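In: How does the following fold in three dimensions:
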Amino acid sequence: MTENAVLEMHHIDKVFPGVKALQNVDFTLREGEIHALMGENGAGKSTLIKVLTGVYAKDGGEIYLKGHEGPISIRSPQDAQKAGISTVYQEITLCPNLTVAENMFIGRSQKATLNWGQMNRETNKILESLDIPARANMQLSGCSIAVQQMIAIARAVDMECKVLILDEPTSSLDDNEVEKLFGLMRNLKAKGVGIIFVTHFLDQVYEVSDRITVLRDGKLVGEYEIENLPRIKLVSKMLGKEMNDLSAIKEAAGEETAAKDQVPLFEAEGLQSNTGIRPFDFHINKGEVNGFTGLLGSGRSECVRAIFGADRVVAGTVKKNGKPIKIRKPIDAMKQGIGYLPEDRKADGIIGDLSVRENIILASQVLKGFFKPYKKAEQYKLAKEYIDMLFVKTADEDTPIGSLSGGNQQKVIVARWLLTHPEYLILDEPTRGIDIGTKTDIQKLVLKLASEGMGVTFISSETDEMLRTCSRLIVMRDLKKVGELSGKDLNQSKIMSTIAGGESE
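Out: Numbering: from 1, shown residues only. Modelled structure (predicted):
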């Protein structure tokens, strides 16, 4: 092993049926460093962590850990724990109905002989050593989320971990809580613990990390000292786009689609939800296609969920055609002529046990009222109309939607909302995981709907796709709106520099 390294992973491969999730990936963690592991969705971060912690068996490569001669074998999370590798996940896995001390010692048979007094004293000792604002006899549910995260970390440290993996630990924390967590991370760093920090927040990476490893499409892009990787470079490496790699931007449906003096179809001011999204302003005109862009976790989806009422709105005002309206839940948005295709079609979109026909009529039936059901003949007529319109490949209207390809499932969900005749349609990742032909169909449909007067908000992880379809982009970073681009500024270079915080080469 190299000098000061506590962990080395060499030439790691992991293959799932039809997918090379990791290909020849190297990763090195030093003692007493905070090392950010970065990459977009599908880059391989989670897979690498699961290989390291024994959740997945690697298909190639070696893992070396300080204190062990030769490569080590990690076949389970228990093996990882025994080797000194601990993970604290975004979702806290402690028991809220137990005390802090009970959570510290639960499942640790080697300390089972301790009595309550000893457990409390040892717990308070480690809490004080790490400057964690909690006491041993407090019930965990009475602690803030940030303190619960810290207690989970303290438990890992007390189990003598050499490698601490923090997987999105700040996603549910406010700014003050993040600072407290960073203080604990720096404290552990000073004690020689190696920390792998997985996050989507660029500002946090540059505030607390020493080095960055970037993965993309299951491959290692590179390992960098933090001072040698400006934010704009990090963004370009994560996206696989260089500053001079500019895409041809469509001009036919450009920024002049809507007159500047036109009353916006929908507008929001100071909108904020309970997901941590910062207050943002937004508007869309009739016949316009706009979008939210930014890295994964930047707040793109949280913004449109707030607009649709899918998350609880805690502040802000909204208007439709210049008149104030209230949207507290999705049915309120639907009654205002707003449709929403969610990011995760399997979890939030399709109803897998229902047929194509039943999935198509679902939203329209909700608006109509379940005491006024569509007649069967009308259901079949409407379903066939939209199946033909969107070229859905299905045996018939009664085919279970779960048996369709991903792209055809997506078309069915689009059909569901088109049947409600929305004035404003939100499409969150409508082309993710589908074939190139279907992607093109959906992009053409978006532009066609806009040409007919509908307002469409389009979100995609693929910047090229956004540039082909949108005339205006709202740029997000770390759960806040950081820019709005249109006209000559609508290009890869400007998007990446805005995401990175105004940096340019």
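
In: how about the strands in the stretch 201-350 of the chain?
Out: Counting by DSSP state E, counting those that start in this stretch, one finds strands in the stretch 201-350 of the chain at the ranges 211-216, 219-225, 266-273, 280-284, 289-293, 313-320, 323-325, 338-341.

In: The last one pairs with which strands?
Out: Meaning strand 338-341. strand 424-428 (parallel) (DSSP bridges).

In: chain center to the strand it pairs with: distance?
Out: 18 Å (CA atoms, centre = their mean, to the nearest Å).

In: Could you identify the helix or strand that succeeds that strand?
Out: helix 436-451 (DSSP states H and E).

In: in its sheet, what does the helix or strand just after that following helix sit against?
Out: With elements assigned by DSSP H and E, the helix or strand that comes after helix 436-451 is strand 455-459. Here strand 455-459 is paired, per DSSP bridges, with strand 289-293 (parallel), strand 424-428 (parallel).

In: Of all those, which one is nearest F16?
Out: strand 424-428 (25.4 Å; CB to CB). C-beta: built from backbone N, CA, C; applies to glycine.

In: What separation do you get for K329 and E128?
Out: With the distance defined as CB to CB, to the nearest Å, K329 ends up 46 Å from E128.

In: sorry, that was for I426
Out: Distance from I426 to E128, by CB to CB: 49 Å.

In: Which of those two has more residues huddled nearby?
Out: I426 (29 against 11; other CB atoms under 10 Å).

In: How about the contacts made by the more buried one?
Out: 304, 307-308, 338-341, 456-457, 459 (CB atoms under 8 Å, 6 or more residues apart in numbering).

In: what sits against the closest residue to I459 other than its chain neighbours?
Out: Residue nearest to I459 in three dimensions, not counting chain neighbours: D428, with 4.7 Å by CB to CB, 6 or more residues apart in numbering. By CB under 8 Å, 6+ apart, the residues touching D428 are 300-301, 304, 340-343, 459.

In: Go again with 10 Å.
Out: 291-292, 300-301, 303-305, 308, 310, 340-345, 348-349, 457-460 (CB atoms under 10 Å, 6 or more residues apart in numbering).

In: Could you do A154 as well?
Out: 88, 100, 103-104, 123, 126-127, 129-130, 132, 134, 147, 184, 188.

In: ok, of those, which one's closest to D203?
Out: L184 (18.2 Å).

In: Just give the closest residue to the closest one, not the sequence neighbours.
Out: Nearest non-adjacent residue to L184 (CB to CB, 6+ apart): M150, at 5.4 Å.

In: how far is stretch 380-389 from where the chain is centred?
Out: Per CA atoms, centre = their mean, the centroid offset for stretch 380-389 relative to its chain is 34 Å.

In: Of all the residues in that stretch, which ones are buried?
Out: Across stretch 380-389, burial judged by 16 or more other CB atoms under 10 Å covers 380, 382-384, 386-387.

In: How about stretch 336-348?
Out: Buried, per 16+ other CB under 10 Å, within stretch 336-348: 336-343, 345.

In: try stretch 481-497
Out: Result for stretch 481-497 [16+ other CB under 10 Å]: buried residues 481-483, 485, 489-497.

In: Now it - C-alpha only, PDB.
Out: Output of stretch 481-497 as PDB, limited to C-alpha atoms (Å, rounded to 0.1, in the frame of the first residue of the first chain):
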ATOM      1  CA  LYS A 481     -32.000  28.600  -8.000                       C
ATOM      2  CA  VAL A 482     -28.700  30.100  -9.200                       C
ATOM      3  CA  GLY A 483     -29.500  31.400 -12.700                       C
ATOM      4  CA  GLU A 484     -31.900  31.600 -15.600                       C
ATOM      5  CA  LEU A 485     -30.600  31.200 -19.200                       C
ATOM      6  CA  SER A 486     -32.100  32.000 -22.600                       C
ATOM      7  CA  GLY A 487     -31.100  33.200 -26.000                       C
ATOM      8  CA  LYS A 488     -27.400  33.300 -26.700                       C
ATOM      9  CA  ASP A 489     -26.600  32.200 -23.200                       C
ATOM     10  CA  LEU A 490     -28.400  28.900 -23.700                       C
ATOM     11  CA  ASN A 491     -25.400  26.600 -24.300                       C
ATOM     12  CA  GLN A 492     -23.300  24.000 -22.500                       C
ATOM     13  CA  SER A 493     -20.600  26.300 -21.500                       C
ATOM     14  CA  LYS A 494     -22.900  28.800 -19.800                       C
ATOM     15  CA  ILE A 495     -24.900  26.100 -18.100                       C
ATOM     16  CA  MET A 496     -21.800  24.500 -16.600                       C
ATOM     17  CA  SER A 497     -20.300  27.700 -15.400                       C
END
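
In: Give me the buried entries from the contacts of A154.
Out: So, of the contacts of A154, 88, 100, 103-104, 123, 126-127, 130, 132, 134, 147, 184, 188 end up buried under the neighbour-count rule (16+ other CB under 10 Å).

In: Quote the end-to-end distance of stretch 451-470.
Out: End-to-end distance of stretch 451-470 (CA to CA, to the nearest Å): 13 Å.

In: pLDDT averaged over that stretch, what's the number?
Out: Stretch 451-470 shows a mean pLDDT of 89.

In: list the buried ones in it?
Out: 454-461, 463, 465-470.

In: pLDDT weak spots in the stretch 151-300 of the chain?
Out: 172, 241-263 (pLDDT under 70).

In: picking up where we left off before, now do the strand or helix carrying the residue nearest to L184: distance to the chain's middle.
Out: Following DSSP H and E, one finds M150 within helix 145-158. Distance of helix 145-158 from the chain centroid (CA atoms, centre = their mean) equals 23 Å.

In: Understood, closing this out.
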